[in-house]
Structures are given as structure tokens and as C-alpha cells.
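Undergrad: show me the folded form of this:
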Amino acid sequence: MQTPNELKYAPSHEWLSEDGTVGISDFAQDQLGDVVYVELPEVGRIVTAGETVAVVESVKTASDIYAPATGTITAVNDALSGGPELVNSSPYEDGWLFKIDVTEESAELLSAEDYAAANN
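TA: Have a look, this model is predicted:
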């Protein structure tokens with residue numbers, strides 16, 4: 001399982017980069033299986049940490065995606081509408097979900113080391 005050290009992780013398996021990019025972890029995409037659809041939030045939406053902001057559907061199940069921080073959605077990954085499998089093949093690069101202008105991070109965010117320990 002890849003767990004890049006520069007990211008912070010929510011217990012619900014979302015990751016947050018320093019620039020506000022959000023996606024789901026390698027562990028989460030593996031557990032979901034083949035992703036077939038991603039419902040992304042609207043740009044400009046104000047979200048609160050812990051709020052449901054997106055949905056990832058796989059051949060197995062649908063999973064809510066929660067905001068790892070409070071802020072405003074500034075961008076979404078439009079490439080996922082035609083290629084939702086990017087979430088599986090590149091969860092930390094091409095398969096990112098959305099970007100948020102962070103005003104406050106969730107107090108529950110974990111370091112890569114703590115997240116990996118909790119999911120092994």
C-alpha cells in the first residue's frame with residue numbers, strides 16, 4: 001500500500017495535500033475495487049470538515065467521500081467523468097477528486113505513518 005509521507009489522511013480514507021488537493025487513499029481504492037463512476041462537488045461550494053462532498057461508485061459498492069477540511073471547493077478533476085478508473089490506477093496523482101481552499105483542517109487528520117499503522 002502506498003502512503004505518501006507529504007499527505008495527511010482522514011480515518012475515512014481521504015487524503016489532503018498541502019495545496020488543498022483531495023483524493024482517496026491507495027488502501028481505499030483497493031478496498032472499493034474497480035471504480036466505475038465518481039460524483040464530484042460543485043466548484044464554489046462551501047464545505048465543512050466531515051461533510052459528505054462526493055461519491056465514488058465501484059463494481060462492489062458506493063462510498064461517500066468526506067471533506068478532510070473546511071473551506072471552498074475550487075476545482076474538480078473533470079478527467080474522472082470519462083475515466084473514473086484513474087482513481088484506481090493513480091490515486092495520488094491523476095485520480096485526485098477535488099481541490100479545496102482550506103480554512104481549517106479536520107482535527108482527525110493523520111500522518112502517513114499513523115494512517116498506515118491504522119490500516120495494516
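Undergrad: correct me if wrong: Ala75 contacts Arg45.
TA: No. Applying C-beta atoms under 8 Å, one finds Ala75 not in contact with Arg45, separated by 11.5 Å. To be clear about C-beta, it is placed using only N, CA and C from the backbone, and glycine gets the same treatment.
Undergrad: quick one: the helices in the chain, in order.
TA: Listed in chain order, the helices of the chain (DSSP state H) span 26-32, 79-82, 86-89, 112-118.
Undergrad: what sits up against the last one?
TA: Outside helix 112-118, the residues within contact range by C-beta atoms under 8 Å, 6 or more residues apart in numbering are Met1, Thr3, Pro4, Asn5, Glu6, Leu7, Tyr9, Pro11, Ser25, Leu110.
Undergrad: grab the nearest non-local neighbour of the residue nearest the centre of the chain.
TA: Nearest to the mean C-alpha position of the chain, counting by C-alpha atoms, centre = their mean, stands Gly23 at 2.4 Å. In space, and not counting its chain neighbours, Gly23 is closest to Trp96: 4.3 Å by C-beta to C-beta, 6 or more residues apart in numbering.
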